[in-house]
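*Asks:* Predicted model follows, preceded by the sequence.
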Amino acid sequence: MICARTKSIFDSNTLVSMRVMAKLRRPVAIATLLVLAFLNGLAGWASAATLSVPAQYATIQDAIDAAVAGDVVEIADGTYRGAGNKNLDFGGKAITVCGASKEPTLCVIDCEGDGRGFYFHSGEGNDSIVEALTISKGSVSSGSPGGAGGGGVCCTNSAPLVVNCRILHCTAGYGGAYCCSSPFASEAPGLIDCLLKDNTGNHGGGGVSCSGWDLEITRCTITRNAATSVSDGNGGGLFFDYCDPIVTDCAITENSASEEGGGVYCHKADPLLKNCTIAENEADAGGGLFFLLCPDAALVDCVIDDNGTNSSGQEDGGGIYCNVSDPRLDDCTISRNRAGDHGGGLFCLNSCKPELTNCTVTDNVSANGGGGMYFYYSNTPTLTNCMITHNGTGDDGGGVYCYKTTNATLTNCTLAGNSSSYYGAALVCDSYGQGYPSDVTLSNCIVWNGTYQIWNWDNSTLTVTYSDVEGGWTGTGNIDDDPLFADPASGDYHLTANSPCLDAGHNAVVSELFDFEGDPRIVADTVDMGADEFDAHLYLSSRVVPGWTIELKIVGYAGAPVTLFLGSGLADPPYATQHGQFFLNWPTLWKGKIGTIPTGGLLIFTTTVPSHWTSGSEHPIQALVGPWGGSQTKLTNAVVLAVE
């Protein structure tokens with residue numbers, strides 16, 4: 001499992017990114033629906049009753065049958081088995097069924113391997129709520145009421161909310177833990193603050209199966225679930241078919257699929273995944289995510305880390321696999337994924353048009369080409385402001401491999417430290433002599449630090465302009481000079497103040513307002529080469545644990561003194577100053593001079609995390625680079641130190 005990421009705050013415009021807002025297809029989110037459900041229930045508040053199990057009613061179903069709209073069925077701590085305590089049916093009622101202590105580990109529905117926990121099929125909406133329960137050992141087959149979907153919870157023609165629940169060790173044909181199918185017109189069902197663990201969906205969705213529905217999953221952990229069928233075991237964690245779900249702030253980890261999509265499988269589905277971690281999943285193809293016929297899928301602020309393909313078959317796309325799909329990835333990290341064949345981080349097949357903006361693709365590996373990314377018969381893949389670093393392959397194309405790919409465009413990307421066993425450590429363009437030439441354009445890019453950086457085979461077309469290419473490359477505005485990265489030995493590819501890549505790009509091709517980490521894209525009059533736009537910048541390169549040493553890095557002009565501020569919180573709105581925006585609440589808790597930017601342009605400052613900082617607490621910091629009132633003095637971005 002990877003550790004929690006440190007949050008970075010850049011400026012007020014990036015707090016709500018226009019790119020993110022454009023992807024929010026449904027204006028009413030789960031939190032709003034919960035408020036509306038509460039307000040709608042006020043009219044019946046006076047008559048609402050609490051029905052207790054087992055004090056008043058012997059079984060949970062007895063209490064549900066006696067309840068009316070607005071009532072709450074409270075279940076005392078304990079384990080509930082047998083008839084009347086499983087296959088629970090709300091009968092269309094707008095009621096809440098919950099554990100009395102609101103601690104799900106203490107109130108368990110044990111289905112004993114025969115039946116499921118809840119079956120919704122009577123038009124229930126968001127005001128039908130299951131809360132603070134553990135549902136365990138559910139098992140259904142094709143002959144069960146509602147069919148073979150949803151070993152823990154099954155929803156058909158209904159949209160209940162499942163909140164703060166644990167669904168464990170359940171088995172079904174589809175959706176081992178949870179299944180929803182057949183659309184409910186006015187609302188979306190929701191899973192909120194839930195744990196789905198150790199469930200099995202034989203044919204699809206070890207954790208969740210969603211078909212024809214716009215499910216919302218919020219702050220959930222979906223882990224160690226499996227799709228096991230040798231013929232169609234797809235979607236170890238999540239299985240989406242003909243739907244547009246929204247998945248927010250979720251961890252999808254350690255799931256497995258015998259076929260495709262270890263973490264997430266999508267067929268004719270366009271999910272929006274926001275601030276999710278998809279890690280340590282495994283499948284035959286698409287260890288992290290698998291997209292088939294998905295024209296508008298989107299990932300925003302997601303981490304796809306340490307996923308892989310198994311050794312049983314196709315073995316393409318360790319992190320992400322796309323087939324006739326056009327996913328959009330914004331501000332995502334694709335790291336440490338592995339493929340037994342092609343595309344360690346990303347594999348795209350058959351007319352895919354992926355768009356990657358402000359993404360980091362690093363430390364991915366493949367056996368047979370495209371350590372970072374492999375585009376096969378793809379059409380118009382677009383990479384903008386991307387860091388493609390330290391990827392490797394046992395064949396060709398350590399960073400990016402384009403095979404029979406047309407109109408591929410890389411703009412303001414940094415390809416550095418990638419490796420291949422043969423050709424094209426950074427990039428390969430290949431038609432394999434079969435009359436399908438690749439067509440690739442690089443603009444404002446840096447291609448550095450690897451043997452045989454670029455390899456162009458057969459009659460493919462490769463156009464490189466305004467780029468820094470090690471060993472040189474013919475084209476307008478190209479240079480062959482050391483880009484003077486901050487610390488390439490440790491994988492730090494920020495530009496420093498003396499880099500020849502500063503102000504050396506071409507503004508006409510710039511389409512984004514910010515660089516890969518949220519700094520303004522054009523600081524001076526002309527754009528820099530590469531994914532990083534040079535500016536005074538503060539960042540963290542270590543974990544934040546009480547008592548541990550942390551390492552802060554500050555990039556700026558040589559000779560500039562650096563003052564660090566520790567705030568009690570983030571200012572909303574930030575304070576406008578002559579040196580940029582100050583993001584911390586004033587007055588600050590602490591400030592101090594921590595050094596001077598050395599000749600190399602990078603100050604490394606180490607300090608100890610206070611032992612009294614508690615896990616989960618957040619502490620914002622910001623730096624001033626230069627003396628107050630200086631002509632080149634800049635306030636950096638703020639960084640929130642999130643304590644593990």
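*Replies:* Cool, got the structure. It should be emphasised that the depicted structure is a prediction, and the values quoted were computed from it without experimental measurement.
*Asks:* Only the buried residues of stretch 265-282, if you could.
*Replies:* 265-267, 269-282 (16 or more other Cβ atoms under 10 Å). Any C-beta I mention is one placed from the backbone N, CA and C, and that applies to glycine too.
*Asks:* Same check on stretch 220-236?
*Replies:* Across stretch 220-236, burial judged by 16+ other Cβ under 10 Å covers 220-229, 233-236.
*Asks:* same check, this time on stretch 64-79
*Replies:* Per 16+ other Cβ under 10 Å, stretch 64-79 contains these buried residues: 64, 67, 69-75.
*Asks:* hang on, isn't residue 429 packed against residue 463?
*Replies:* No: applying Cβ atoms under 8 Å, one finds residue 429 not in contact with residue 463, separated by 10.2 Å.
*Asks:* what is in contact with those two at once?
*Replies:* residue 440 (Cβ atoms under 8 Å, 6 or more residues apart in numbering).
*Asks:* Looking at the two, which has the bigger crowd around it?
*Replies:* residue 429 (26 against 14; other Cβ atoms under 10 Å).
*Asks:* which residues pair with the more buried one across the strands?
*Replies:* Per DSSP bridges, residues listed as beta-bridge partners of residue 429: residue 402, residue 456.
*Asks:* And residue 604, by the same measure?
*Replies:* Bridge pairing for residue 604 - DSSP bridges - gives residue 553.
*Asks:* what's near enough to touch the spatially most central residue of the chain?
*Replies:* The residue lying closest to the centre of the chain (Cα atoms, centre = their mean) is residue 302, at 1.8 Å. By Cβ under 8 Å, 6+ apart, residue 302 lies in contact with 273-278, 329, 332-333.
*Asks:* Ramachandran angles for it?
*Replies:* phi -110, psi 150 (degrees, to the nearest 10).
*Asks:* What separation do you get for it and residue 514?
*Replies:* Going from residue 302 to residue 514 by Cβ to Cβ, to the nearest Å gives 18 Å.
*Asks:* So which residues of the stretch 51-200 of the chain form helices?
*Replies:* For the stretch 51-200 of the chain, the helices defined by DSSP state H, counting those that start in this stretch occupy 60-66.
*Asks:* Find me the pLDDT at the residue nearest to the centre of the chain, would you?
*Replies:* Looking at residue 302, its pLDDT reads 98.
*Asks:* How about residues contacting stretch 579-595?
*Replies:* By Cβ under 8 Å, 6+ apart, stretch 579-595 touches 9, 11-12, 552, 561-571, 574-575, 603, 605, 620-624, 626, 628, 633-635, 637-638.
*Asks:* ends of it, how far apart?
*Replies:* Using Cα to Cα, to the nearest Å, the end-to-end distance of stretch 579-595 comes to 19 Å.
*Asks:* can you check stretch 121-133 too?
*Replies:* 20 Å.
*Asks:* Equivalent analysis for stretch 448-463, please.
*Replies:* Terminal-residue distance, stretch 448-463 (Cα to Cα): 17 Å.
*Asks:* now stretch 577-592
*Replies:* OK, stretch 577-592 end separation, Cα to Cα: 19 Å.
*Asks:* Quick check: mean pLDDT of it?
*Replies:* pLDDT averaged over stretch 577-592 gives 96.
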